[in-house]
Every structure is written in structure tokens, then in C-alpha cells.
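Asker: coords below, sequence missing:
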């Protein structure tokens, strides 16, 4: 019989309410023990048994809590993660892991010293569309993949009501927000790049932080382009891959976020299964024949992340996302920021 991980969440805004609490609640290996709620006390409306804490210190002093999820604004990740580790808790840190490399290194060393598990919540690895892209690349469906474009576009005429996302400062802007997803996916597919070139800018007059980016990751005989913008009403495919034998095109059609916002439970029937019109287009050569067909993606499911994290804690299995992998994303972010600032290609030192 499994022993549930007693879990606390550092915030019950959209991140806590939509991307964390439903999966903790639906997974029998976890118990949603507590939530840090600074002002509004709403968690018990959804989870009557949950304990509400007024301060982080009060929450971290509760000896029953084993796992703390750091899902607060980016700039607070380092401080709160450090305090949670010092309090003897395992931690999951929302993406982006930290603001800079030095913070990430310090946390990794602290987690090792405390002998606690630490993972970064790169949940988009568990999207249905990316799971299909991973199959395409790892299965060599296109031969040698050499041209890749990954996009995450939106159309936003208004600023986010979350002030920390729109106020200039460390970790703010679209690049830290969505760029971390795209970088992580690229690193999962192709590893660390040899060099980085980036263009980060502001397109909307109302914005004070970057709302557009284009990043080129340089590999030997391969180029990966990562793009996002808040000024795209008619979206293009999220994944476009070309290789020595063919091409693959896929829209961003994972349904989990929309279903979560609509209040659907992640253990409900049909969870994470894309509609038929979300299939990817594969045009390639197979067994010396040209094929052009639609491919159904596998099920997307963020609960797999939490199940794997549980096994890492209880049975010493691999973490779903390591802190080192989260730190690699930050190192690419730093190289891209330097590139955009200096308008030059920045060599990426994979030995750091």
C-alpha cells in the first residue's frame, strides 16, 4: 500500500488551482495537505480538508508536510525553494527554475546536502503534441532531422492581470514565461546547442516587457528556431520539422489546459486525448515508399509527471525533470539574452 506524499502549494492562483492542485488531488500517491494563502482564502471551497497557512514560515514549520510546490512569481523561486529545502522538504519548482545560473547551482548543492528531491515543473513535456513530436524525432521518421521550428503564439490585446508578469524586472517577460517551455522541449529532442542567436523585443505599445522572441539554436548540420509572440491572431503550426527523408507538421492542440480551466478533472474519461482534427501531418519515405498521412498523437497527461516524482521520492527512481535539466534551460536563456542585447551569436559552453 502506497504512503501518500503530504503536499503543500505556495500559491492558489491560476498555477495552483489549475496546474497543480487537480493532479495532486487526483493522484492517490499524494495528499493535498496545505496551501499558503496570503489574502484570499479560497482553497477550502475546492478542497474542504486542505489546511490554509497565512505565512510561508508557518507552512514550512509543519512537520507533516513532505513536499512543497514553489509556484509563485519567477523572481521568488530561489528564495522560497531555498527556505523549503532548509526546512527539510522535497520541492517541485515551477518553470523557469530560477532567474540565473548561480541561483540554480546553489539550490542543486543545497538539495544534495539536505538529501532531498528537487524537480522543475516542465509540464509541457507531457503534452500530447510534444509526445508525438518526440516519437517522430526519436523514431527517425524523417531520417536525419535538420530543420525545426517550434512556436507558441497568442493574440493578446490587453496586459495580463498578473502584475508580476508585466512589470520590468528579473524573470519577467514572454521569454522567461514561454521561452522556458520551448527551450526545454528543444533540449529534450536535440541536447545542448553549440551556439545561440536571439531577438527579444517589445511589439505592443502597451507592453513594458518583451512580448516577442525568436531564438536560433545552432547544432552541427541542424538549426532549431524557437518563436513566440502575443501579436498572432492567425496561428501557424506549433511544430514544423524537416529532415533528410521528409517533413512533419503539427498544431498545438493539447487539450489539458483548456479542460483544466473549464474545471474538468484529470482522472475523468478521455483525459488528454486530442480531437481527431489535431492529428499531425507526416510526409516522408518509409520502406522505399513515399507516404503522406495523418498521425494520431498519444494521450497527454500531466499526472504522469507527479506519478514519476512520487516514485523518485519513495523508490529512488529517476525524477521526471531534474534540477540540472531546469538549469540548462536557464543557461540557454542567459545566452539568448546576451545575444539579443549584443546583437551577436553567442557560443554556448556545454561544460559549465
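Answerer: Structure received. Just so it is clear, the model here is predicted, and its values are computed rather than measured. Numbers count the residues shown, from 1 in each chain.
Asker: thought residue 242 was touching residue 146, still the case?
Answerer: Yes. Using CB atoms under 8 Å, residue 146 is in contact with residue 242, at 6.7 Å. For glycine as for every other residue, the C-beta is placed from the backbone atoms N, C-alpha and C.
Asker: which residues touch the residue lying closest to residue 121 once chain neighbours are set aside?
Answerer: Once flanking residues are discounted, residue 121 sits nearest to residue 94: 5.0 Å by CB to CB, 6 or more residues apart in numbering. Contacts for residue 94 (CB atoms under 8 Å, 6 or more residues apart in numbering) come out as 15, 69, 70, 71, 72, 77, 120, 121.
Asker: residues contacting the closest residue to the first one other than its chain neighbours?
Answerer: Spelled out, it's residue 15. Once flanking residues are discounted, residue 15 sits nearest to residue 71: 4.3 Å by CB to CB, 6+ apart. By CB under 8 Å, 6+ apart, residue 71 lies in contact with 9, 10, 11, 15, 16, 19, 20, 94, 121.
Asker: lowest-confidence one in the residues you listed?
Answerer: Lowest pLDDT of these: residue 15, 91.
Asker: what helix or strand is residue 198 located in?
Answerer: Element membership for residue 198, per DSSP states H and E: strand 195-201.
Asker: from the contact counts, what lies against that strand?
Answerer: Here strand 195-201 touches strand 212-219, helix 323-342, strand 346-347, going by 3 or more CB pairs under 8 Å, 6 or more residues apart in numbering; DSSP states H and E.
Asker: that older thread, got the contacts of residue 71 as CSV, with secondary structure and distance to residue 186 columns?
Answerer: Shown next, in CSV, are the contacts of residue 71 (DSSP: H, G, I helix; E, B strand; the rest coil; distance: CB to CB, whole Å):
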residue, secondary structure, distance to residue 186
9, strand, 29
10, coil, 28
11, coil, 28
15, helix, 23
16, helix, 28
19, helix, 21
20, helix, 25
94, strand, 19
121, strand, 18
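Asker: may I see the PyMOL selection of the buried members of these?
Answerer: Buried residues within the contacts of residue 71, by 16 or more other CB atoms under 10 Å, are selected in PyMOL with:
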select buried, resi 9+10+11+15+16+19+20+94+121
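Asker: okay, the contacts of residue 71 in JSON lines with distance to residue 185 next?
Answerer: Output for the contacts of residue 71, formatted as JSON lines (distance: CB to CB, whole Å):
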{"residue": "9", "distance to residue 185": "25"}
{"residue": "10", "distance to residue 185": "25"}
{"residue": "11", "distance to residue 185": "25"}
{"residue": "15", "distance to residue 185": "19"}
{"residue": "16", "distance to residue 185": "24"}
{"residue": "19", "distance to residue 185": "17"}
{"residue": "20", "distance to residue 185": "20"}
{"residue": "94", "distance to residue 185": "16"}
{"residue": "121", "distance to residue 185": "14"}
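Asker: which of the contacts of residue 71 sits closest to residue 340?
Answerer: residue 94 (23.9 Å; CB to CB).
Asker: what distance do you get for the closest one to residue 238?
Answerer: Per CB to CB, to the nearest Å, residue 94 is found 21 Å from residue 238.
Asker: residue 114 now?
Answerer: Distance from residue 114 to residue 238, counting by CB to CB: 38 Å.
Asker: show me which of these two is the more surrounded one.
Answerer: Each of residue 114 and residue 238 has its neighbours counted (other CB atoms under 10 Å); residue 238 has more, 22 against 17.
Asker: stretch 329-342: how far from the chain's middle?
Answerer: 18 Å (CA atoms, centre = their mean, to the nearest Å).
Asker: residues making contact with that stretch?
Answerer: 95-101, 104, 120, 122, 175-176, 179-180, 183-184, 187, 192-193, 196-201, 213, 215, 217, 345-346, 348, 352.
Asker: all helices of the stretch 101-250 of the chain, in order?
Answerer: 101-114, 128-138, 163-166, 174, 180-190 (DSSP state H, counting those that start in this stretch).
Asker: of these, which is nearest residue 263?
Answerer: So among those, helix 128-138 is nearest, using CB to CB, at 19.9 Å.
Asker: quick one: the closest one to helix 180-190, angle?
Answerer: 30 degrees (axes from the mean of the first three to the mean of the last three CA atoms, to 10 degrees).
Asker: how far away is residue 334 from residue 48?
Answerer: The spacing between residue 334 and residue 48, counted by CB to CB, is 44 Å.
Asker: quick revisit: any idea which of the helices of the stretch 101-250 of the chain scores lowest on pLDDT?
Answerer: helix 163-166 (a mean of 84).
Asker: residue 204: neighbour count?
Answerer: The number of residues packed near residue 204 is 15, by other CB under 10 Å.
Asker: can you pull the contacts of it?
Answerer: So residue 204 contacts 156, 211, 230, 231 (CB under 8 Å, 6+ apart).
Asker: and for residue 70?
Answerer: So residue 70 contacts 10, 76, 77, 80, 81, 84, 91, 92, 93, 94 (CB under 8 Å, 6+ apart).
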